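J.: For reference, the sequence and a predicted model appear below.
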Amino acid sequence: MSTVTVTQTVLSQPVLGSRRFSNFFWAIVVSIGGIGFLLAGLSSYFKVNLLPVSNPLTMAFIPQGIALTFYGVAGTLLATYLWAAIALDIGGGYNKFDREAGDITIFRNGFPGKNRRIELVSKIADAQAVRVDIKDGLSPRRTLYVRIKGRREIPLTRVGEPISLTELETQGANLAQFLGVPLEGL
C-alpha cells in the first residue's frame, strides 16, 4: 500500500503483489543457478563444453552429471514459476472504498484458471470495524483487516514484507475514520 489516493468520497490503496525486489532478486539467482547446473550436467553427458566459465568435461556423467542435470531441471522449473508469478503479479491489486457508490472493493490477481481474479464487493454500511493484527517475533506479521457483516475478516495489506508499525497504525486510523467504524487491536 505505497501510494494511497484519497478524495472526499474515494479511498484507493494499491497492494503490491509478486513484483517485489526480493522476488526479482531470487528469480535472477535461481535462473542463473538452474541454467548453470543444467548446462554443466549436459556438458558432462555430451562431452561438449556448454559453459564459458568452467570445464565440466572432466566430470563423469554418472553420478555427478546426473545430479547436476536433476538440480538444473529443478532450478529451471522453480525459476520459471517465479518469473510467471512476477509476470502475472500474483497477489497484486487494490483496495477501494467509495462513499459515493457505498461500496468496498477488494481486488487481487490470482493464478490463471477458473478464478484468475479475486474481487470482493461489499457495502460500506456492512463494515463493522477495522482491525490491526500485530505479531512480532521470529516471523513477524503486521496486517490490517476490515470486518464485514456476514463475512470473515478481509486482509487489506500485502503478504510477505511487514510494513512499519507507524505506517500500519496510520493506515488503520485513516481507514477507520474514512469508513466511520472503530479501530481495534491497538
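T.: Nice, I can see it. Numbering: from 1, shown residues only.
J.: okay, CA-based contacts and neighbour counts for the rest of this
T.: OK.
J.: Which element is encountered next along the chain beyond the helix or strand bottoming out on mean pLDDT in the chain?
T.: Across the helices and strands of the chain, mean confidence by mean pLDDT, DSSP states H and E is lowest for strand 5-6: a mean of 62. Later in the chain than strand 5-6, the nearest helix or strand by DSSP states H and E is strand 10-15.
J.: So what are the sheet partners of that next one and their directions?
T.: Counting by DSSP bridges, the strands paired with strand 10-15 are strand 5-6 (antiparallel), strand 93-98 (antiparallel).
J.: Mean neighbour count, those: which tops it?
T.: strand 93-98 (a mean of 22; mean count of other CA atoms under 10 Å).
J.: immediately after it, which helix or strand?
T.: strand 103-109.
J.: now the angle from that next one to strand 10-15?
T.: Angle, strand 103-109 to strand 10-15, by axes from the mean of the first three to the mean of the last three CA atoms, to 10 degrees: 20 degrees.
J.: Would you mind listing the buried residues in whichever strand or helix holds residue 26?
T.: Here residue 26 sits within helix 21-46, counting by DSSP H and E. Within helix 21-46, the residues scored as buried using 16 or more other CA atoms under 10 Å are 23, 27, 30-45.
J.: How about stretch 45-61?
T.: Buried residues in stretch 45-61, counted by 16+ other CA under 10 Å: 45, 49-51, 56-57, 59, 61.
J.: would CSV of the residues you listed with secondary structure, pLDDT and distance to residue 149 be doable?
T.: Below are those laid out as CSV (DSSP: H, G, I helix; E, B strand; the rest coil; pLDDT from 0 to 100; distance: CA to CA, whole Å):
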residue, secondary structure, pLDDT, distance to residue 149
45, helix, 93, 63
49, coil, 91, 65
50, coil, 91, 61
51, coil, 90, 60
56, helix, 85, 63
57, helix, 84, 66
59, coil, 88, 65
61, helix, 90, 63
